[in-house]
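1. After the sequence you'll find the predicted model.
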Amino acid sequence: MPFLVFDVCLAGLAVYLVVRLFGRRSPPLPPGPPGWPLIGNMLDIRTRAPYKTIGAMTSPIIYLRVLGTQFVFLNSIKANKDLFEEQGAITPDRPPFTVAGNLIRWGNAMPFLPYGDTLRKQRKLFSRHIGTHSSLVMLYPEKEAEARRFVSNVLKKPDDLMAHCRTMATSLGLKIAHGYSPKDEGDPFVEIASRIMQCFAVVTSPGLFLADFLPILVRYIPNRFLVGRFRKDLEEGRKLLSDALNAPYQFALENLATGDTAPSLTSRLLQEGVDSEDEEILKWVSLAMYLGTSESIPSMLYMFFLAMTMYPEVLKKAQAEVDAVVGNDRLPKMEDRDALPYVNAVCTELLRWNVFLPSPFHIASQDITYEGYFIPRGAWLLPNIWFLLSDPETYPDPEIFNPERFLGGSQQPDPREACFGLGRRVCPGARLAECAIFICITTSLATLNVSRCVENGVECVPRYEFQEGFLRRVKPFKCKITPRSKKAGDLIED
Ligand code: HEM
């Protein structure tokens, strides 16, 4: 008997040694900064702009670990295309955001949904309504009207520029989604959108909440044990979400009942008739349109005014092109787009210069071997969009706003390859955003002058500075905005 035990142990040891010697070994993990015992790279991730620190490392693929969570940052366009397009079937999922998804209950909002049937249904409905060329052409008059209203508001109160950018964009989203037209000032739905996006930026910052790395901490703790500021923030987040999801939808329902309906996604589908599952999808898709427009478009527009204040020579050139093509007797139209290459280059440079979503999150749903490195299943995959569009090898002097990058013979790569994300989670609002930005910018160029403020006899040149985080918001700056001529002012108010 003792011999039998000894034989079994010996055989087990032999099998172990054979497997160690000849068995398949996992390739190494991608390179990355050294971490600390236990917390790993928590200090690298907790900075306000991890994508910058990580972009400064030389490898196109960087690995970090924080407690039990693994992160892989992708710093080259090739790595992003390979992993999100070629291997798109195993990389479109999202990580489980414990705070945003479970605690604030944003789990059904499109950006947080896991890749599956519900997401596909939401994206399909979104795309049907605003993703095709014909659906966008139908919205041209709406966008032109919003652009005119925007300029009119700016002329009345130029110091409230950011507020006007928000009102314009949120108004576009609310009209398309719910047929709701907000007030020029102090509109409750514009206010909700602004507060919810601020909350979104906070709760999606990786590393901000320990809960995202140790989900078990909160998943099993009853609500009443969550205390202090944390609990207050969560309750506020939930209330804001419930208001944003239900209040504009209720507005659309009531209007439908009274027959006073502006055409919108909600009114069209309700008229067609929806069952309760479809109604749920419709509510979340409308929310994605309402909130998606309310952050991205204002951020772009505000940056446009910053760029024009910092670079007056670009403003002059763009205005000269608009004057030559559009003239002084009418306002620009969407149809003028192809005839305005310099203005288009300004819009393209804005997409590069203002990366407002620097590094979205995906998750690997299987083990992946890529370029000799092992990416474990469950690792967070982060396309480092900020770095792709600020890499001095690709875009010399990246902090300078220079539309010429995209004109003439040797053009620099189109930022659209990266700025809207890649693969199956690519931004579904990209085309709408580009049209809205183009018409607002062109209408502003035709009718407004933008210049630097003078304080104590000194010209103030604003700085290119951001509030860093999951969403990069440009810091407030001062500029002087006046009508280009009386005629321009009259055209706006006609
Ligand atoms: C210039 C403006 C915009 C930029 C640069 C932008 C950029 C992005 C990026 C980088 C992503 C993440 C893609 C990924 O996960 O890989 C995204 C997702 C998304 N965007 Fe945009 N976006 C813009 C405008 C809009 C607009 C106007 C809307 C709404 C009408 C919108 C709605 C969404 C939604 C719903 C998602 C989540 C998609 C999903 O998770 O499947 N975006 N956007």
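-> Nice, I can see it. Since the structure is predicted, the reported quantities are computational estimates derived from the model, not experimental observations.
2. Quick one: name the residues of the chain near the ligand.
-> Proximity of the chain to the ligand, by C-beta under 6 Å from any ligand atom, involves residues 110-111, 123, 173, 288-289, 292-293, 296-297, 300, 357, 360, 385, 419-421, 425-430, 432-433. C-betas here are computed from N, CA, C, even on glycine.
3. try it again with 5 Å
-> By C-beta under 5 Å from any ligand atom, the residues of the chain that approach the ligand are 110-111, 288-289, 292-293, 296, 357, 360, 419-421, 425, 427, 429, 433.
4. Closest to Val203 out of the residues you listed?
-> When these are compared for distance to Val203 (C-beta to C-beta), Pro111 wins out at 12.1 Å.
5. I'd like to know how many residues surround that closest one.
-> 19 (other C-beta atoms under 10 Å).
6. residue contacts, it?
-> For Pro111, the contacting residues are 94, 288, by C-beta atoms under 8 Å, 6 or more residues apart in numbering.
7. Let me see the mean pLDDT of stretch 289-300.
-> Averaged across stretch 289-300, pLDDT comes to 93.
8. Relative to the whole chain's centre, how far out is that stretch?
-> Counting by C-alpha atoms, centre = their mean, to the nearest Å, stretch 289-300 is centred 8 Å from the centre of its parent chain.
9. Just the buried residues of it, please?
-> By 16 or more other C-beta atoms under 10 Å, the buried positions in stretch 289-300 come out as 289-300.
10. and the host helix or strand of Ala79, which residues are buried?
-> Assigned by DSSP states H and E, Ala79 falls within helix 77-81. Neighbour-count burial for helix 77-81, counted by 16+ other C-beta under 10 Å, picks out 77, 79-81.
11. would CSV of those with pLDDT be doable?
-> Below are those laid out as CSV (pLDDT from 0 to 100):
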residue, pLDDT
Ile77, 96
Ala79, 96
Asn80, 97
Lys81, 97
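12. ok, of those, which one's closest to Asn456?
-> Ile77 (46.4 Å).
13. quick one, strands of the chain?
-> For the chain, the strands defined by DSSP state E occupy 61-66, 69-74, 362-363, 368-370, 373-375, 380-383, 448-451, 454-455, 458-459, 466-467, 473-474, 480-483.
14. what's the burial count for Pro358?
-> By other C-beta under 10 Å, 25 other residues sit near Pro358.
15. right, and it touches Trp386 too?
-> Yes. Between Pro358 and Trp386 a contact is recorded at 3.6 Å, counting by C-beta atoms under 8 Å.
16. Quick check: neighbours shared by the two?
-> Common neighbours of Pro358 and Trp386 (C-beta under 8 Å, 6+ apart) are 49, 51, 472.
17. For those, which entry has the maximal number of neighbours?
-> Tyr51 leads the shared contacts of Pro358 and Trp386 on contacts (other C-beta under 10 Å) with 23 neighbours.
18. My read is that that residue contacts Trp386, right?
-> Yes. Counting by C-beta under 8 Å, Tyr51 does reach Trp386; the two are 4.5 Å apart.
19. about what we covered before: which one among the residues of the chain next to the ligand gets closest to Ala169?
-> Nearest to Ala169 among these: Thr293, at 4.8 Å, using C-beta to C-beta.
20. Next up, the contacts around the residue positioned nearest the centre of the chain.
-> Centre of the chain computed as the mean C-alpha position; nearest residue by C-alpha atoms, centre = their mean is Leu357, 4.2 Å away. Counting by C-beta under 8 Å, 6+ apart, Leu357 touches 296, 385, 421, 470-472.
21. Which two of those residues have the greatest separation?
-> Across the contacts of Leu357 (C-beta to C-beta), the longest gap, 15.1 Å, separates Gly421 and Arg472.
22. got any ranges where the stretch 51-200 of the chain has weak pLDDT?
-> Within the stretch 51-200 of the chain, no stretch falls below the threshold (pLDDT under 70).
23. could you pull out the helices for it?
-> 77-81, 117-130, 133-138, 140-156, 161-178, 188-203 (DSSP state H, counting those that start in this stretch).
24. which one of those has the most crowded surroundings?
-> Among those, helix 161-178 has the highest mean neighbour count (mean count of other C-beta atoms under 10 Å), at a mean of 25.
25. any idea of the angle it forms with helix 140-156?
-> Relative orientation of helix 161-178 and helix 140-156, computed by axes from the mean of the first three to the mean of the last three C-alpha atoms, to 10 degrees: 160 degrees.
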